[in-house]
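Participant: Dropping the sequence and predicted coords here.
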Amino acid sequence: MNRLISVLLSVLFIQLLIVCYVQFIYKEELPTLKNLPLSQEQTIELNILVNNSIEEILKAAKELPQSDQYTTWDNEMLAKISREIQQPIAPKEKVYTSNKKVPKKISTTLKVEKYAKEKLGKQYVWGATGPNKFDCSGFTKEVFRCTAGINIPRVSRDQAKVGKYIKYKDLKRGDMVFFDTEKKFTKKVNHVGIYLSNNNFIHASSAKKKVIITNFNKKPFYKKRFLWGRRVVKNKS
């Protein structure tokens with residue numbers, strides 16, 4: 001009996017070692033797509049999988065995990081999204097238009113501000129992406145697509161992971177601003193807007209049920225709940 005118990009304990013110990021290896025060692029040694037020794041066909045298949053996953057993220061069919069749970073695969077997708085949003089797509093159906101006369105030469109960030117302001121008063125509807133109804137992340141996605149031709153992820157939690165990280169004191173026109181507005185503050189993104197200037201930002205507000213401009217100084221709640229900003233277009237102002 002004692003011998004049987006010893007054998008079982010040995011087997012369990014070996015299994016534990018295998019689990020630890022897979023979780024802590026093998027996982028860290030996973031190669032990136034760039035370093036995988038794959039055939040041309042395998043590389044194409046992997047790229048297709050990555051592109052399909054990115055497409056699902058952009059459409060909110062799936063979300064990236066929290067940063068402390070990123071795998072090598074998640075990091076590859078996030079890096080590729082960040083690279084692609086710096087290369088504006090050529091809009092096919094919808095491009096930036098304004099009812100107001102604007103100078104021929106206008107910066108992208110000024111286009112962002114003008115187009116966003118044209119949406120003031122438009123109705124807030126959860127899950128809506130425009131052109132006349134929005135939720136907060138639907139609003140930011142629509143503005144950047146129609147003014148800069150860039151395709152950011154659909155939901156605020158994923159939008160908060162792309163572009164250049166910006167502190168509050170470094171915010172400039174056109175930067176996305178992210179918040180945790182839940183009653184219990186956990187520093188998890190659940191709201192997004194676009195910074196304008198002079199401590200103002202524009203956003204689709206679920207509380208006001210429309211697109212509004214809010215001032216950080218006049219509404220200190222948002223300044224207290226501010227998490228960080230993200231810059232996805234080059235900013236000269």
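Facilitator: That came in fine, so what should we check first? Residues are numbered from 1 along each chain as shown.
Participant: from here on, contacts and neighbour counts on C-alpha atoms
Facilitator: Fine.
Participant: ok, and the closest non-adjacent residue to residue 202?
Facilitator: Spatial nearest neighbour of residue 202, excluding adjacent residues (CA to CA, 6 or more residues apart in numbering): residue 213 at 4.3 Å.
Participant: Find the helix or strand that the one you found is a member of.
Facilitator: Per DSSP states H and E, residue 213 falls inside strand 210-215.
Participant: Can you give me the buried ones in that strand?
Facilitator: For strand 210-215, burial by neighbour count (16 or more other CA atoms under 10 Å) applies to 210, 211, 212, 213, 214, 215.
Participant: The closest residue to residue 132 other than its chain neighbours and residue 213: what is the separation?
Facilitator: Nearest non-adjacent residue to residue 132, counting by CA to CA, 6+ apart: residue 122, 5.8 Å away. According to CA to CA, to the nearest Å, residue 122 and residue 213 sit 12 Å apart.
Participant: Next: residue 182.
Facilitator: Distance from residue 182 to residue 213, by CA to CA: 20 Å.
Participant: List the beta-bridge partners for residue 179.
Facilitator: Counting by DSSP bridges, residue 179 forms beta bridges with residue 191, residue 226.
Participant: Surely it touches residue 189?
Facilitator: Yes: using CA atoms under 8 Å, residue 179 is in contact with residue 189, at 5.5 Å.
Participant: Of these two, which one has the most company?
Facilitator: residue 179 (24 against 21; other CA atoms under 10 Å).
Participant: Relative to residue 110, which of the buried residues of strand 210-215 is nearest.
Facilitator: Nearest to residue 110 among those, counting by CA to CA, is residue 213 at 15.8 Å.
Participant: pLDDT score for the closest one?
Facilitator: You'll see residue 213 listed with a pLDDT of 97.
Participant: who's in contact with it?
Facilitator: Contacts for residue 213 (CA atoms under 8 Å, 6 or more residues apart in numbering) come out as 120, 200, 201, 202, 203.
Participant: Residue 138 too?
Facilitator: 127, 128, 129, 130, 154, 155.
Participant: Which pair of these spans the longest distance?
Facilitator: 130 and 155 (14.1 Å).
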